[in-house]
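The sequence isn't on hand, but the structure is:
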């Protein structure tokens with residue numbers, strides 16, 4: 001996989017995290033609303049989109065895919081310093097790269113739609129800064145490992 005493709009995956013993961021925070025939705029809901037084809041489109045256009053203001057791209061995605069405002073506010077409920085969306089985007093990128101077969105768009109959709117996404121989004125827990133191997137193994141098992 002090229003460095004450019006890895007950067008594109010990182011960008012889309014950050015974008016989904018940003019939109020989920022902005023719209024107060026579960027990350028899986030945002031990824032599902034965009035869908036596999038929409039994620040593939042975002043990946044294909046990431047090199048150009050990253051030159052635009054992040055908020056602009058997020059607003060366009062929210063409008064295009066009809067993402068409503070929800071009530072899943074992980075930032076407001078956090079008792080500690082909230083990690084940035086770029087930091088959490090990196091967590092997701094690593095998990096996608098560690099688990100994908102050959103379809104990056106499907107891998108992004110699968111990771112964001114998994115049980116682990118809500119665990120990562122719980123900023124009052126330690127899951128988001130867990131060892132990447134632990135996250136990969138937990139994801140593959142379908143549950144957090146002891």
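Ah, there it is. These figures come from a predicted structure and were not determined experimentally.

Counting by contacts, list what the host helix or strand of residue 18 packs against.
Using DSSP states H and E, residue 18 sits within helix 3-23. Contact analysis of helix 3-23 by 3 or more Cβ pairs under 8 Å, 6 or more residues apart in numbering; DSSP states H and E lists helix 27-49, helix 54-65, helix 85-99, helix 104-112 as its packing neighbours. No exception for glycine: its C-beta is placed from N, CA and C like everyone else's.

ok, the nearest residue to residue 94 once chain neighbours are set aside - how many residues close by?
In space, and not counting its chain neighbours, residue 94 is closest to residue 132: 4.9 Å by Cβ to Cβ, 6 or more residues apart in numbering. With neighbours defined by other Cβ atoms under 10 Å, the count for residue 132 comes to 13.

and the gap between residue 132 and residue 7?
18 Å (Cβ to Cβ, to the nearest Å).

For this structure, give me the ranges with low pLDDT.
Within the chain, not a single segment meets pLDDT under 70.

how about 80 then?
77 (pLDDT under 80).

ok, back up a step: what's in contact with the helix holding residue 18?
With contact meaning Cβ atoms under 8 Å, 6 or more residues apart in numbering, helix 3-23 is reached by 25-27, 29-31, 34, 39, 42-43, 46-47, 49-50, 54, 57-58, 61-62, 67-70, 72, 74-75, 85-86, 88-90, 92-93, 96-97, 104, 108, 112, 121.

how close does residue 16 sit to residue 109?
10 Å.

ugh, wrong one, residue 19
14 Å.
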